[in-house]
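Chemist: Sequence and predicted structure are below.
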Amino acid sequence: MGSAASAADTLVDVRDVHYAIGGRPIFTGLDLNVRRGRITAIMGPSGTGKTTLLRLITAQISAQRGEVSVFGANLATQGSDAIYALRQRMGMLFQNGALLSDLNVFENVAFPVREHTDLPEVLLRKLVLTKLQAVGLRGAAELMPAELSGGMARRVALARAIVMDPELLIYDEPFVGLDPISLGVIQRLIKQMNQALGITSIVVSHDVKELAAIADDSYLLSGGRVAAAGVPAQLRASDSAAVRQFMTGSEEGPVAFHYPAPDYLAQLLAEA
Amino acid sequence: MPNGILIEGVRRLGATALFLVRLLGQCAPALARPGLIIAQIYNTGARSLIIIMLSGLFVGMVLGLQGYQLLQRFGSEDVLGSAAALGLLRELGPVITALLFAGRAGTALTSEIGLMRATDQLTAMEIMAVDPLRYVAAPRFLGGVIAMPLLAAIFGVIGLFGAQLIGVALMRIDSGVFWSQTQAAVALRDVNEGLVKSLVFGIACSLVAVYEGYNAEPTAAGVGLATTRTVVTSSVLILLLDYVLTALFL
């Protein structure tokens, strides 16, 4: 899939990336790419570096080896002004929404517009209300973030992420901790943003079922590399035991339920 | 490990100095948004007014009582006003205001910024291509630096009123004598000393509070630890700088 994608078609290109935190390797030669106009799912068990990958793509951290390119620009060679310019072309939805706690819903969505443009107040108001309407929260414009439920906060954050019309939208664990209704709403919105606005999307999650319903391409991370890639159906049909275990949510498989420990019986007897 | 503590101390000093340079670089752009700074002057300054005024009143009253007792022994209770004014203007005003500021406003700043870090608000700003140093840290730093001399001045005035309350209303020193002695003793140099001290303390306290919050570990325990560090570091710094500045002014 990756090799077939042409350069112009690729929005995010991660090549042979190595990254370690405190001597513990997170990535050992990670390769993946995200194609324009598609929803790419990044899956993997907890602790496989999904959030680290997002931090690499958004240039919060730099790869220790290898190359991360976004919009065709190698992030390692960009200065801070260029990084900020690139970031203006992307939006990100944080797991907890990350709404600014001292601003109300309207001002939160208006924040990036106020910071980056001189849009007249009348137009700004129309723009923000349009985005809030798109996520169904126009009526909540005057509420403070503390008054919102988890699902509502995430929808406001989504409105804020799309208010500058980004080309790339990144979702960090968008389904975690949501009730079935909110989950369905977020799922529908991700698809809608992609189809109606043509936004390229990266969705990082471990919710296999929800992702399979919306993703065009999928990557499964394991052991610091891509363990499997393809459309969700290809992943399910994989002959790798690790991939099958993750896709079916089975306790049996290469990823052990028990954290490495000394022999159970020996330890119990020794402590008696 | 004394070596480890020393190295950690030097590392933090260096990190704070680098942070200050980056922060100062963002102060000019932050000045273009006076609304944000005024909001912070309100948060750190206006909201500290009650504690500053109450403390000033009591410190002034204690100064009045102790000063009167001492000066009466030498029959010079008339100079109570000048003693209280000089003490408040040059020492007690800036130092106690700064200590109260560190405890009231400094901790609030640290925990607020620390919680913004813990809830990804600062990261979200970076992703939105907005520098949190310019939007969050610089206005809070400038707000604190502006608020501190104002608070110290208010503390001094209320303190002098407290000393006058004891000296004139309670101990029956002649009001005219009290105020004329005060006026004669206080020179512009004394006012300058108080002003410079409170400005320097304002810079030190605000820098420590903003730095600790900005670099707090993004957990509940991390924010708590950073808040404690703000009070401890600020208090020690205030007393140390007070000695240095007093020595320079003498």
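Modeler: Nice, I can see it.
Chemist: ok, and for the host helix or strand of B:Val10, which residues are buried?
Modeler: Taking DSSP states H and E as the definition, one finds B:Val10 inside helix B:2-31. Residues of helix B:2-31 classed as buried: B:Thr16, B:Phe19, B:Leu23, B:Gln26, B:Cys27, B:Ala30 (neighbour count, 16 or more other CB atoms under 10 Å in any protein chain shown). From N, CA and C alone the C-beta is placed, and that goes for glycine too.
Chemist: can you check stretch B:87-104 too?
Modeler: For stretch B:87-104, the neighbour count (16+ other CB under 10 Å) marks B:87-90, B:92-104 as buried.
Chemist: Could I have the CA atoms of it written out in CSV?
Modeler: The C-alpha trace of stretch B:87-104 is given here as CSV (Å, rounded to 0.1, in the frame of the first residue of the first chain):
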residue,chain,number,x,y,z
GLY,B,87,10.3,50.4,58.2
LEU,B,88,7.2,49.9,56.1
LEU,B,89,8.5,51.6,53.0
ARG,B,90,12.0,50.2,52.9
GLU,B,91,11.6,46.7,54.4
LEU,B,92,8.3,45.4,55.7
GLY,B,93,6.1,46.6,52.8
PRO,B,94,8.1,45.0,49.9
VAL,B,95,9.1,41.8,51.8
ILE,B,96,5.8,40.9,53.5
THR,B,97,3.9,41.8,50.4
ALA,B,98,6.2,39.6,48.3
LEU,B,99,5.9,36.7,50.8
LEU,B,100,2.1,37.0,50.8
PHE,B,101,2.1,37.4,47.0
ALA,B,102,4.1,34.1,46.7
GLY,B,103,1.6,32.3,48.9
ARG,B,104,-1.6,33.7,47.4
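Chemist: now that stretch: how far from the chain's centre is it?
Modeler: In terms of CA atoms, centre = their mean, to the nearest Å, the gap separating the centre of stretch B:87-104 from the centre of its chain is 6 Å.
Chemist: returning to what we had before: output the buried residues of helix B:2-31 as JSON lines; include the columns pLDDT and distance to chain A.
Modeler: Formatted as JSON lines, the entries for the buried residues of helix B:2-31 read as follows, by pLDDT from 0 to 100; distance: CB to the nearest CB, whole Å:
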{"residue": "B:Thr16", "pLDDT": "91", "distance to chain A": "21"}
{"residue": "B:Phe19", "pLDDT": "93", "distance to chain A": "16"}
{"residue": "B:Leu23", "pLDDT": "93", "distance to chain A": "16"}
{"residue": "B:Gln26", "pLDDT": "91", "distance to chain A": "12"}
{"residue": "B:Cys27", "pLDDT": "91", "distance to chain A": "17"}
{"residue": "B:Ala30", "pLDDT": "89", "distance to chain A": "13"}
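Chemist: same for the helix holding B:Val10, what does it pack against?
Modeler: Here helix B:2-31 is seen to pack against helix B:34-44, helix B:138-164, helix B:188-214 when contacts are counted using 3 or more CB pairs under 8 Å, 6 or more residues apart in numbering or on different chains; DSSP states H and E.
Chemist: can you tell which of those helices is closest to chain A?
Modeler: For the helices and strands packed on helix B:2-31, distance to chain A was read as CB to the nearest CB. The smallest value, 8.8 Å, belongs to helix B:34-44.
Chemist: could you point out the longest helix in chain A?
Modeler: Scanning chain A for the longest helix, with DSSP state H as the assignment, gives helix A:180-197.
Chemist: Partner strands of the helix or strand following that one and their direction?
Modeler: Of the helices and strands lying after helix A:180-197 in sequence (DSSP H and E), the nearest is strand A:200-204. On the basis of DSSP bridges, the sheet neighbours of strand A:200-204 come out as strand A:39-43 (parallel), strand A:168-172 (parallel).
Chemist: Look up phi and psi at A:Val17.
Modeler: Backbone torsions of A:Val17, given as degrees, to the nearest 10, read phi -80, psi 130.
Chemist: and the gap between it and A:Arg225?
Modeler: Noted for A:Val17: a distance of 10 Å to A:Arg225, by CB to CB, to the nearest Å.
Chemist: Next, the contact list for the residue nearest to A:Arg38 when sequence neighbours are not counted, please.
Modeler: Among residues not flanking A:Arg38 along the chain, A:Asp216 sits closest, at 4.1 Å (CB to CB, 6 or more residues apart in numbering or on different chains). The neighbours of A:Asp216, taking CB atoms under 8 Å, 6 or more residues apart in numbering or on different chains as the test, are A:Arg35, A:Arg38, A:Ile39, A:Thr40, A:Val231.
Chemist: Make JSON lines out of the strands paired with strand A:200-204 and add mean pLDDT and mean neighbour count.
Modeler: Output for the strands paired with strand A:200-204, formatted as JSON lines (pLDDT from 0 to 100; neighbours: other CB atoms under 10 Å in any protein chain shown):
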{"stretch": "strand A:39-43", "mean pLDDT": "92", "mean neighbour count": "26"}
{"stretch": "strand A:168-172", "mean pLDDT": "92", "mean neighbour count": "24"}
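Chemist: Tell me, how many residues neighbour the closest residue in space to B:Ser198 that isn't next to it in sequence?
Modeler: Spatial nearest neighbour of B:Ser198, chain neighbours left out: B:Ala152 (3.7 Å); criterion: CB to CB, 6+ apart. Burial of B:Ala152, expressed as a neighbour count using other CB atoms under 10 Å in any protein chain shown, amounts to 29.
Chemist: what sits against B:Ala152?
Modeler: Remark: with contacts taken as CB under 8 Å, 6+ apart, B:Ala152 is in contact with B:Gly93, B:Pro94, B:Thr97, B:Ala98, B:Gly194, B:Lys197, B:Ser198, B:Phe201.
Chemist: Does the spatially most distant residue from the centre of chain B belong to a helix, a strand or coil?
Modeler: Among the residues of chain B, the one whose C-alpha is farthest from the average of all C-alpha positions is B:Gly75, by CA atoms, centre = their mean at 36.0 Å. Taking DSSP: H, G, I helix; E, B strand; the rest coil as the rule, one finds B:Gly75 in the coil state.
Chemist: Look up the pLDDT of residue 133 for me, please.
Modeler: Just going to use chain A. pLDDT recorded at A:Gln133 is 93.
Chemist: Chain B, not that one
Modeler: According to the prediction, B:Leu133 has pLDDT 93.
Chemist: and it, how many residues sit next to it?
Modeler: When neighbours are counted by other CB under 10 Å, B:Leu133 registers 22.
Chemist: quick one, what contacts the closest residue to it other than its chain neighbours?
Modeler: Of all residues not flanking B:Leu133 in the chain, B:Gln26 sits nearest, at 4.6 Å (CB to CB, 6+ apart). Under the criterion of CB under 8 Å, 6+ apart, the contact list for B:Gln26 reads B:Asp131, B:Leu133, B:Arg134, B:Ala137, B:Ala138.
Chemist: Show the contacting residues for the closest residue in space to B:Ser111 that isn't next to it in sequence.
Modeler: Here the nearest residue to B:Ser111 in space, its sequence neighbours aside, is B:Thr227; by CB to CB, 6+ apart that works out to 5.1 Å. For B:Thr227, the contacting residues are B:Thr107, B:Thr110, B:Ser111, B:Gly114, B:Glu212, by CB under 8 Å, 6+ apart.
Chemist: can we see that at 10 Å?
Modeler: Contact partners of B:Thr227, counting by CB atoms under 10 Å, 6 or more residues apart in numbering or on different chains, are B:Gly106, B:Thr107, B:Ala108, B:Leu109, B:Thr110, B:Ser111, B:Glu112, B:Gly114, B:Ala209, B:Glu212, B:Gly213, B:Ala216.
Chemist: Would you mind listing the buried residues in stretch A:80-88?
Modeler: Residues A:Ile83, A:Tyr84, A:Leu86, A:Arg87, A:Gln88 are the ones in stretch A:80-88 that count as buried (16+ other CB under 10 Å).
Chemist: out of these, which touch chain B?
Modeler: Restricting the buried residues of stretch A:80-88 to those adjacent to chain B (criterion: CB under 10 Å from any CB of the partner chain) gives A:Ile83, A:Tyr84, A:Leu86, A:Arg87, A:Gln88.
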